[in-house]
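Visitor: would you be able to build a 3D model of this:
(chains A and B)
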Amino acid sequence: MKYSYYPGCSLESSSKNYDRSVQAVYDTLGLELIELDDWNCCGATYYMSIKETISLVFSARNLAIAESLGRDLVAPCSSCYTILYKTNKLLNENPIMRAKVRQALKRDGLDYQSGVQVRHPLEVLVNDVGLEKISLETRRHLEGIKVAPYYGCQIVRPERGLDDCENPRLMDELFASVGAEIVNFPMKVRCCGGMLMTTYPDVALKLNKELLESATVNGAECIVTTCPLCQINLEGYQKKINARFHTNFRIPILFFSQLLGWALGCDPDALGLNQNLIGFSKIKQKVLQPA
Amino acid sequence: MKPEPTTPTPLMHDGYDALKKKFALGLANVPHGDLMKRCLQCGTCTGSCPASYAMEITPREIVALFRADHLDTILQSRTIWICASCYACTVRCPQEIPITDIMYLLKRMAMDARMPSHKMPVYRLSQIFVSIANRFGRGYELGLLLRYYLGKNPFQLIANLPLFLKLFLKGRIGLWPHKIRGTTALSSILAEAEIMEMIIPVREWPR
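Guide: This next block holds a predicted model:
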């Protein structure tokens, strides 16, 4: 199966390991990701705060390019996925806005007829490949590894397209199918604060501390996520959180594709595991030399 | 050709009614925005918001203040900028009010009206982000953070240097911006979009 691939700006820099691991997993499972030609930034949450129509035009340019190729558009970054999905939905439902956006796209000979499906790689794996096949392909069973799947806010909200927005199960089932033990994680859809870590760090540090607490108190040995911003906030600021709240967190934060890829037997380098700030050697040892 | 930034309209100079009208027009453009009139003041939004404890006006109070004709208070609040747009309120609202999208509308209005809040950090960060995205067609994390920290709070930059250094050593900081091939075409699309932005379908304000 072939998909158009929209990496997004974060996957080009701070989350290269996400990009590499998604590609490695898809490669292993025989799915082809073809990068969308000359894609542009989706606009993230910022553009929408400044201009409405322009921000929709900005993300719709990608949809227009994808439409001419006729494949589903796969976007791993939670924010890109939400923005593209939302733009797609809004243009579908609002004829006036659609007319305005198409008028602007015409300037570059582009057009968009609302014919693209925006999808998240997680959902593609579960629905198009299936958990059974993934379970059969498993090379390193994650027996006894306690995983806390963290969905964050963007991918399960607000359009209810992907999974239940209060208690999503996609990642839980995916990692259960490769043998991991899923811990109870009540805050799995609680927001990490996103860019508040830059603008209002006091607020964001507290949110992230609560998330780490909620996962570790239930015995999680690692947190898996689908979002570049959540990953950086939870991993990069753990030290700061420890200093501020007198806690003692040291828990690996992996992209879901990294842990999945490792279970599927991918080469750790191809998954960018050495690019994580907090290594997961303890988990490795536990799987490779079970007690 | 680079699109000219639109001049912010000093809405407050036109009086409160003009501000209210602008909000009504904007709300007509937000899908299901008219549902705001159904707000029950139940407070589910405030209870669901992970950041409401840091807001001086809670999401519920925003609707209450609007009904009491205090739109200007709302637009000057820190609340609309602390909203991280996680949509927790939106999915839980029993009346299905698109609260997050209304927050976006309020952010845009606060900027257009040049409310004092336009000095707030999120506004600054958004502006830099948009100028980078318009120029390169892609985001540029390092440029965004450097410009933001240097302009706003250099001490925060120093405090974060160890983290940035670690990320750099792990190859997770892109030193140079990535540029799309079609930047010229993108500019002309954006120039046209700027014109489209000004076209607002007029609908009657639902009472």
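Visitor: residues of the stretch 101-250 of chain A that sit close to chain B?
Guide: Listed as neighbours of chain B in the stretch 101-250 of chain A under the rule Cβ under 8 Å from any Cβ of the partner chain: A:101, A:103-108, A:110, A:152-154, A:157-158, A:160, A:165-166, A:189-191, A:193-196, A:198-203, A:207, A:236-237. For glycine as for every other residue, the C-beta is placed from the backbone atoms N, C-alpha and C.
Visitor: can you say which of these are buried?
Guide: With burial judged by 16 or more other Cβ atoms under 10 Å in any protein chain shown, the buried subset of those is A:101, A:103-105, A:107-108, A:110, A:152-154, A:157-158, A:165, A:189-191, A:193-196, A:198-201, A:203, A:207, A:236-237.
Visitor: tell me which entries of those lie within strands.
Guide: Mapping these onto strands (DSSP state E) picks out no residues; all lie outside.
Visitor: using CSV, list the CA coordinates for stretch B:128-136.
Guide: Extracted C-alpha coordinates of stretch B:128-136, given in CSV (Å, rounded to 0.1, in the frame of the first residue of the first chain):
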residue,chain,number,x,y,z
ILE,B,128,7.4,35.3,14.7
PHE,B,129,6.2,31.9,13.7
VAL,B,130,4.0,33.3,11.0
SER,B,131,6.7,35.6,9.6
ILE,B,132,9.0,32.6,9.4
ALA,B,133,6.4,30.4,7.8
ASN,B,134,5.5,33.0,5.2
ARG,B,135,9.1,33.5,4.3
PHE,B,136,10.4,29.9,4.0
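Visitor: hmm, that stretch in reach of chain A?
Guide: Yes: where contact is defined by Cβ under 8 Å from any Cβ, part of stretch B:128-136 touches chain A, namely B:129, B:130, B:133.
Visitor: poorly predicted segments of chain B, please.
Guide: Confidence mapping of chain B against pLDDT under 70 gives the ranges B:1-14, B:117-119, B:201-207.
Visitor: so which residue is smack in the middle of it?
Guide: Central residue of chain B (Cα atoms, centre = their mean): residue B:107, 4.1 Å from the mean position.
Visitor: list of residues touching whichever strand or helix holds it?
Guide: Under the criterion of DSSP states H and E, residue B:107 resides in helix B:99-112. In this structure, residues lying in contact with helix B:99-112 by Cβ atoms under 8 Å, 6 or more residues apart in numbering or on different chains are A:48-52, A:158, B:8-9, B:11, B:19, B:22-23, B:26-27, B:29-31, B:33, B:36, B:45, B:59, B:62, B:74-76, B:80-81, B:83, B:85-87, B:89-90, B:93, B:117-118, B:122-123.
Visitor: give me that answer again for 7 Å
Guide: Under the criterion Cβ atoms under 7 Å, 6 or more residues apart in numbering or on different chains, residues A:48-52, A:158, B:8-9, B:11, B:22-23, B:26-27, B:30, B:33, B:36, B:45, B:59, B:74-75, B:80, B:83, B:85, B:87, B:89-90, B:93, B:117-118, B:123 lie in contact with helix B:99-112.
Visitor: ok, which stretches of chain B are helices?
Guide: B:16-29, B:44-48, B:59-67, B:71-75, B:79-82, B:88-92, B:99-112, B:121-136, B:141-152, B:154-169, B:183-198 (DSSP state H).
Visitor: and residue B:36, how far from residue B:96?
Guide: Remark: distance between residue B:36 and residue B:96 (Cβ to Cβ, to the nearest Å) = 10 Å.
Visitor: with residue B:38 instead?
Guide: For residue B:38, the distance to residue B:96 equals 8 Å [Cβ to Cβ].
Visitor: do the same with residue A:144
Guide: Taking Cβ to Cβ as the measure, residue A:144 falls 43 Å from residue B:96.
Visitor: check residue A:137 too.
Guide: For residue A:137, the distance to residue B:96 under the criterion Cβ to Cβ works out to 41 Å.
Visitor: what about those two, which has more around it?
Guide: A side-by-side neighbour count of residue A:137 and residue B:96, using other Cβ atoms under 10 Å in any protein chain shown, places residue A:137 first with 17 against 12.
Visitor: thought that one was touching residue A:263?
Guide: No: when contacts are counted by Cβ atoms under 7 Å, residue A:137 is not listed as touching residue A:263 (8.9 Å).
Visitor: for residue A:284, report the pLDDT, please.
Guide: Reading off the confidence values, residue A:284 has pLDDT 84.
Visitor: which SS state does it fall under?
Guide: Under the three-state scheme (DSSP: H, G, I helix; E, B strand; the rest coil), residue A:284 adopts helix.
Visitor: low-scoring stretches of chain A, by residue?
Guide: Within chain A, the ranges that satisfy pLDDT under 70 run A:158-160, A:290-291.
Visitor: contacting residues for the residue nearest to the spatial centre of it?
Guide: By Cα atoms, centre = their mean, chain A has its centre lying nearest to residue A:226, at 2.4 Å. For residue A:226, the residues meeting the contact criterion (Cβ under 7 Å, 6+ apart) are A:78, A:122, A:151, A:155, A:256.
Visitor: for those residues, give me TSV that also has neighbour count.
Guide: TSV is the format used below for the contacts of residue A:226 (neighbours: other Cβ atoms under 10 Å in any protein chain shown):
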residue	neighbour count
A:78	26
A:122	26
A:151	31
A:155	28
A:256	27
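Visitor: which ones among the residues you listed are found in helices?
Guide: Here DSSP H is the test, and the contacts of residue A:226 give A:78, A:122, A:256 as lying in helices.
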